[in-house]
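A.B. asks: Model the following, please.
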Amino acid sequence: MLNPACIPAEEPAQLAATPGPPVIVTYNTYTSQAFQTWYPPDWRVVSSAAFAEPWVVFANADDSAFIVVATNPDDIQIMPEHPRQAQERIRLSGDTQVIAALIAPDATYLPLYTRLIKSLQLP
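C.D. replies: The predicted model follows:
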């Protein structure tokens, strides 16, 4: 038996339009309006809110290492109490640049960070 009270009379407004620019996450790539990059397989992806400047945090399975990529330098200050193994500004083209940081207890994840940095490009 179908309960007609559960079916909306019209399409809810939030389904008719998205609140901000799209983000595409695949098994190992992340694409925003500002940049595209590879990320390590099996790492979690935490992306900025639709109304914020683009940033993303990639976190390993046990939350002991994080790679942050952002268009605003203030957005990489998410974990000041954790040691920063690397940080750099990357120019993608012209005026387009991003800031990236590896936040981890040691340099074990530096090769993954380096690979991610080398894969950064415009979408």
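A.B. asks: and V98, what helix or strand is that in?
C.D. replies: strand 96-103 (DSSP states H and E).
A.B. asks: Mind naming the longest helix for this structure?
C.D. replies: Secondary structure of the chain per DSSP state H: the longest helix is helix 110-119.
A.B. asks: Only alpha carbons, please: show the strand holding V98 as PDB.
C.D. replies: This file holds the C-alpha atoms of strand 96-103, laid out as PDB (Å, rounded to 0.1, in the frame of the first residue of the first chain):
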ATOM      1  CA  THR A  96      46.000  31.100  -9.900                       C
ATOM      2  CA  GLN A  97      47.900  29.600  -7.000                       C
ATOM      3  CA  VAL A  98      47.200  27.200  -4.200                       C
ATOM      4  CA  ILE A  99      48.700  26.500  -0.800                       C
ATOM      5  CA  ALA A 100      49.500  22.900   0.200                       C
ATOM      6  CA  ALA A 101      50.600  21.400   3.500                       C
ATOM      7  CA  LEU A 102      51.500  18.000   4.900                       C
ATOM      8  CA  ILE A 103      50.500  17.600   8.500                       C
END
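A.B. asks: neighbouring contacts of stretch 64-84?
C.D. replies: Contact with stretch 64-84 is made by 34-35, 37, 39-40, 43, 48, 52-60, 87, 89, 97-106, 108-109, 112-113, 116, 120, as judged by Cβ atoms under 8 Å, 6 or more residues apart in numbering. C-beta coordinates here come from the backbone N, C-alpha and C atoms, glycine included.
A.B. asks: Would you mind getting the angle between the longest helix of the chain and strand 96-103?
C.D. replies: 170 degrees (axes from the mean of the first three to the mean of the last three Cα atoms, to 10 degrees).
A.B. asks: Outside of helix 110-119 itself, list whatever touches it.
C.D. replies: By Cβ under 8 Å, 6+ apart, the list of residues contacting helix 110-119 from outside reads 36-40, 58, 67, 69, 85-86, 88, 90, 100, 102.
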